[in-house]
Every structure is written in C-alpha cells, then in structure tokens.
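1. This is a predicted model, with the sequence first.
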Amino acid sequence: MTIAAAGDTATEGSRFWRSIRQLFTRNLAAKIAATPMIAIVLVVFIGCTLWTVWFSFTNSRLLPTGSFTGLDQYNRLFSTSRWNVSVRNLALYGAFSLVFTLTIGFLLAVLIDQKVRFEDAFRTIMLYPFALSFIVTGLVWQWIMNPTLGLQGTIRGMGWESFTFDWILNSDMVIFALLIAGLWQGTGFMMVLMLAGLRGIDEEIWKASRVDGIPTWQTYIFIVLPMMRGVLVTAVVIAGSGIVRLYDLVVALTNGGPGIASEVPAKYVYDYMFTAGNIGQALAASTMMLVTVMIIVIPWAILEFGGGEKKS
Amino acid sequence: MSNPTVISTTVALDAVSGRTDFAGPQGPRPQPFFTPKRVIIYSILFVACLYYLFPMYIMVMTSFKTMPEIRFGNIFAPPVEFTGEAWVKAWSSACTGLTCQGLSPGFWNSVKILIPSVLVSTAVAAVNGYALVNWKFKGSEIFFAVLIFGSFIPYQVFLYPLVMITRELKIFGTIWAVILVHTIFGMPILTLLFRNYFASLPVELFKAARVDGAGFWRIFLEVMLPMSLPIVVVALILQVTGIWNDFLFGAVFAGTPNLPMTVQLNNIVNSAQGTPEYNVNMAATMLTGLVPLIVYFLSGRLFVRGVAAGAVKG
C-alpha cells in the first residue's frame, strides 16, 4: 500500500475530523514542496483573477481606487471601435492559425515519417524559428514585407511591375501578414509534437493495417490520428493559449497598424493599462479575454478532468 | 547556420540526386529512390524548408550590406560590399529611443534575468511534478488542474494585480520582479512536463526506495533526479528560450534601466527617429535571436527527443 493511494480511503462522516487533521499532517514534506504551486494557484490564478474581475466594475483610472459602476466599462468597451476590431482580428487570426498550424504540422510530420533521408536536417530547419522570439519574428517579416525595399520592391525591380505584397499596409490583409509570420514561427514545433505522436504509435498497428490492406492515408486519418488524442490535445492547448496572448508579434510587425487594422485585445489591455491610464477599461477588456478563454476551455476541462477514467 | 542557403541547397541536391547505394546492411529496407511518391515527398519538404530558411537568409544578408546597397532594392542579393559595421553599431551605438548604447545593455539585462529565472522555475517545478506523481495528497490533483487551467488565462488578466503585488514587495521595476513573474508563469508547463515524465518512470523504483526507508527529499534527490536528466534538459531549453524571448513581462516589470534585449530591440527598430537603417535593424535582430539559436543548435537532438518524451504522454 503506497501513501499515494491511502489518501483516498478517508471517508466523510465520523472520520471527518481525522481527515481534516490528516489534511495537514499527512505527507507533510510533499505539501511543503507543493507550497509554491498552492500559493501560485491561490494568489495568482484565483486571487488576481478575481481582483481583476472585481475592479473591472469600477471607474478606476490612474489607480485602482474607483467606485463601483456596474457594467459601465463594458458598455464603453463594446462601443469602442478599436476593441471591436481587436476582437474580430483575434477571432480571424485564431481560427486560421489553429487550423493551419495543426494541419501543416501534421502533414509535415507525416511526410517526415515516410523514412525520408536527412530527417534531422529537415527537422532542424523547420523547428529553428520556434527558438526565436515573436519580436525577432515580427521584425524580420516586417522587413521582408516592407513594400518599397522588401519582397514587393525587389520583385517589381526584377520586371514584374504589378506584383503586390503590401499586406502590412493593407487593412484587409494585415491579419494574414501576421498569420504568415506566426505560422513561420510555430508550425515547426507542431510538426515535432505530431511526429512524436506518430512515433509513439505501436508498430503492430501499422502491421495490422497493412495485413488488412488499408491504404496508408486511411490508416493515418482513421486509425493513427484518433490514437494520437493525447498529442493532439497538447497541441491544441499549446496553440490555443499562444493565440489568445498574441501580443509581441503585433507590436513588432505592425504595432496595430495601419490605423487600428491589426489591433488585438492583449494590446488594447496593455495600452489602456500602462499608456492611457484607464485601468477600469483595461480590466474590463482583460475580463472579456478571460471570459473568452473560459468559454473555450471549460468544456475541454470537463471532458479531460471531470469525465473520470473512461478515456485513454 | 552562418549560411542557410548552402544548407538548403545541399539538402535539396542530396534529396533529389539519385541514390542507389545508401541502404547499408543495418539500415532500413532498401527502397527505390525515384518513385513518384518519393519525389513528391521530397519536393514538398524542400519547399517547406525554403519558407523556413528564407527569413534567416534575408536577415543575414541584409545585416552585412551597406545602406546604399539596401536602397538599391534587391532583398535577395548577397552583399557586394561585405561589411560588419551594422553589427558593431547594433551592439554598441544604435539608439533605443533615449540612449544610444546599442543592444549591449539589453543583452546583459537579459542575462541577469535569465539565469535566476531559469534555475528557480525549473527547480520548483521539478519538485512539484514529483510531489504530484508520487506523493499525491488530498486536493493535489485539483490544484494541478487549476494550475493547468490557469495557464490558459491570458497574462493580461494578472498584469495589474501583479504590478501591485510586486510594488508591495518593493521589487517592482527591478529584475527580481521579472524573475518572480517568470517563475510563476513557467510553473504550469514545467510542472506538466515533470509530472508526465515522473509518471512514466516505473513506480516500482519509488516503492523500492520507500520500502528502504527513504523519505520525500531523499527519493527525489537520489532516485528521481538522476533519472530525469533528459527532462531537466528539456525544461532548461524551454525556459532559456522562453525567458530570453519574453517581451511583455520585461516591458512591464523590469523598469527602464533593466529592460531586456527584446524590448530594447523593438525600441531600436520601431521607435527610432530619422531614416531607418535596415542593416542595423537586421543585425540587432540577429543578435537578439542568437542566444536561443545557439541553445537550439547545440541541443537540437536532445530538444526534439525531450519534447517527444514530454508530449506523448499528454
């Protein structure tokens, strides 16, 4: 009998007080070791979140001292065009980014999994952008997409006068400029994750499907992909949380421009919090970010943690 | 690294040129090389590699050009007049808005932030992951779930309260605030990594050590830690690149004299006065990217292998 399992045997009722005592004395060293986690969870992840939500209902400006004003900040938020543009941008970027990183990552992993030569070289080349920061990524692509001296200028100079690649100056396309840069940075990592998943599949599965005469692509989609559930969840988790906090890339590549065409919620929060000195508004915006994440994550969390041991 | 085109072309050439002699005695099953399927696979991979290498090529080439050459307007062309002046200027005299000392102060600030942050966050998460796997206590799984859940919450939600907390602790505007914040937000992913890794180790090892009378710290230090080198390396790599590349926390918490390299880089490029010097910008960008790139290329294989170990268990 390990200590690990013993904690579960304590039941309610007559043993209530004993279990309360045990709560503090059993595995004391482990609890001390877990103190940082408990503190972070309670103070930062729960405490700070509640604080932010609470003060988003006040009219705080330079300091968080304002009085309670109900939903005023939210009314103002949703009547601000910059916020609405930010939300739309994030939704667009998020949808495209998620779909593309996952598919490209998976396709590249499948290709590399075909016993190609120079696998290491391919992998190294595809993964290196992931080591670079979004600031570096944004600045490089800003230079490449520079309309006069970058790619557009160069190709026009070569004789193709009508070639147009001015996405960072084009309000309709600027989000795709962000996407190109974002995909450049992140797809390699997705590929590596997926490849790890593919390599984790038992060789017997492949033998069985070969014996049954199932085509390779069908094996990948209908047998291997469902078996990679763990990796896929990890991939979505990593990609998703990256998307919501999209900030550095925008700052480096477009700084929200042209005009407000590439603003994102994270930048809205930062600017109102530290530049415009309108804390209440910034906190309302960050609460909205929080709500969005909750709406996406809670169903997943219930499936993953609340659903018991039925899966995998 | 220094010349990506060379890498890409050799890869390409090797990939397409006919190969009849590569199947060694212990290699995989010999396959005919020129089947249409193979050609398609290699061409797609090759095109993908071009996309990944292109910005690096542009960055390196631009950083060694002179401004007149850049204004001539061919971004692809290698420098005619090869010069390292832009690199010197980026390092020591480019203007970041207020001062003109180049990126070097930023570099040292980043180093000062990086080392303690990486060590503290990794150590805390390793112990935590171990406690979560082998010393489950009532509620430990709930705390872990909230921790992972919390890692989804956008940083913006915590930003202001953390500013207030660090102000109360009298560390706001110093590198200690940045270190604290990095430790906090490194916790979820690192704990997940360590937890998954320790869960993959045979539980018999732990039980045997328990039976022999070893306690919490002794098992951790003498049984678990020696076996967790691969995951420690992964954690270190993740944190070194992650913290070096951080922008938001540095910008908010570090205070003007301590701004890390990424923030100063962005200031050089995006808030510089006068005509932009693209060669200096690219040299500065290269310089900032160099540290994580070196880490990556030195540890490439371990990185990949470790990420695989950490992620597969899900």
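-> Nice, I can see it. Small disclaimer: the values here were computed from a predicted structure and weren't measured.
2. if you skip the residues just before and after it, what's nearest to residue A:82?
-> residue A:260 (5.0 Å; C-beta to C-beta, 6 or more residues apart in numbering or on different chains). (C-beta placed from N, C-alpha, C; glycine too.)
3. and that neighbour, how many residues sit next to it?
-> Residue A:260: 17 surrounding residues under other C-beta atoms under 10 Å in any protein chain shown.
4. and it, what does it touch?
-> The contact partners of residue A:260, taken as C-beta atoms under 8 Å, 6 or more residues apart in numbering or on different chains, are A:81-82, A:85-86.
5. which SS class is it?
-> Assigned by DSSP: H, G, I helix; E, B strand; the rest coil, the conformation of residue A:260 is coil.
6. Let's see the pLDDT reported for it.
-> Residue A:260 carries a pLDDT score of 90 in this model.
7. How much space separates it from residue A:254?
-> Note on residue A:260: its distance to residue A:254, by C-beta to C-beta, to the nearest Å, is 10 Å.
8. Next: residue B:290.
-> Noted for residue B:290: a distance of 25 Å to residue A:254, by C-beta to C-beta.
9. same question, residue B:294
-> For residue B:294, the distance to residue A:254 - C-beta to C-beta - is 29 Å.
10. who has more neighbours, these two?
-> For residue B:294 versus residue A:254, the count of surrounding residues by other C-beta under 10 Å is larger for residue A:254: 26 against 13.
11. nearest spatial neighbour of the more buried one, skipping sequence neighbours?
-> The spatially closest residue to residue A:254, leaving aside those adjacent along the chain, is residue A:262, at 4.4 Å (C-beta to C-beta, 6+ apart).
12. Tell me how many other residues crowd that neighbour.
-> The tally of other residues near residue A:262 (other C-beta under 10 Å) stands at 26.
13. That one: what's it in contact with?
-> Residues near residue A:262 by C-beta under 8 Å, 6+ apart: A:89, A:174-175, A:177-178, A:250, A:253-254, A:256.
14. Ok, residue A:250 next?
-> Per C-beta under 8 Å, 6+ apart, neighbours of residue A:250: A:138, A:178, A:256, A:262-264, A:266-267.
15. repeat that for 7 Å
-> Residue A:250 makes contact with A:178, A:256, A:262, A:264, A:267 under the criterion C-beta atoms under 7 Å, 6 or more residues apart in numbering or on different chains.
16. Model confidence for residue B:62, exactly?
-> Residue B:62 carries a pLDDT value of 91.
17. Looks like it contacts residue B:277 (just checking).
-> No - between residue B:62 and residue B:277 there is no contact under C-beta atoms under 7 Å: 10.4 Å.
18. Going by how many neighbours each has, rank the two and give me the top one.
-> Neighbour tally, residue B:62 and residue B:277, criterion other C-beta under 10 Å: the higher count belongs to residue B:62, 26 against 19.
19. Setting aside sequence neighbours, what's the nearest residue to that one?
-> Spatial nearest neighbour of residue B:62, excluding adjacent residues (C-beta to C-beta, 6+ apart): residue B:282 at 4.2 Å.
20. Dihedrals phi and psi, the one you found?
-> Here is the backbone geometry of residue B:282 (degrees, to the nearest 10): phi -70, psi -40.
21. could you list every residue that touches it?
-> Contacts for residue B:282 (C-beta under 7 Å, 6+ apart) come out as A:143, B:59, B:62-63.
22. tell me the contacts of residue B:244?
-> B:110, B:114, B:291-292.
23. Tell me which residues of the helix or strand it falls within come out buried.
-> Secondary structure from DSSP states H and E places residue B:244 in helix B:229-245. Judged by neighbour count using 16 or more other C-beta atoms under 10 Å in any protein chain shown, the buried positions of helix B:229-245 are B:231-232, B:234-245.
24. Can you tell me, leaving aside adjacent residues, what's nearest to residue B:64?
-> Using C-beta to C-beta, 6+ apart and skipping the chain neighbours, the partner closest in space to residue B:64 is residue B:79 (4.6 Å).
25. Was I right to think that neighbour contacts residue B:69?
-> Yes - the criterion here is C-beta under 7 Å, and residue B:79 meets it with residue B:69 at 6.5 Å.
26. what about the residue of the stretch 201-312 of chain A found nearest chain B, neighbour count?
-> Residue nearest to chain B within the stretch 201-312 of chain A: residue A:230 (2.5 Å; C-beta to the nearest C-beta). Around residue A:230 sit 17 other residues, with neighbours defined as other C-beta under 10 Å.
27. List the buried residues in the helix or strand harbouring it.
-> In this structure, residue A:230 is located in helix A:229-244 according to DSSP H and E. By neighbour count on 16+ other C-beta under 10 Å, the buried set for helix A:229-244 is A:230-244.
28. Then stretch B:38-58?
-> Buried residues in stretch B:38-58 (16+ other C-beta under 10 Å): B:38, B:41-42, B:45-46, B:48-49, B:51-58.
29. hmm, which two among these are most spread apart?
-> Spatially, the most separated pair among those is B:38 and B:58, at 30.5 Å (C-beta to C-beta).
30. Would you confirm that residue A:31 contacts residue B:136?
-> No - contact criterion C-beta under 7 Å: residue A:31 and residue B:136 do not qualify, at 11.0 Å.
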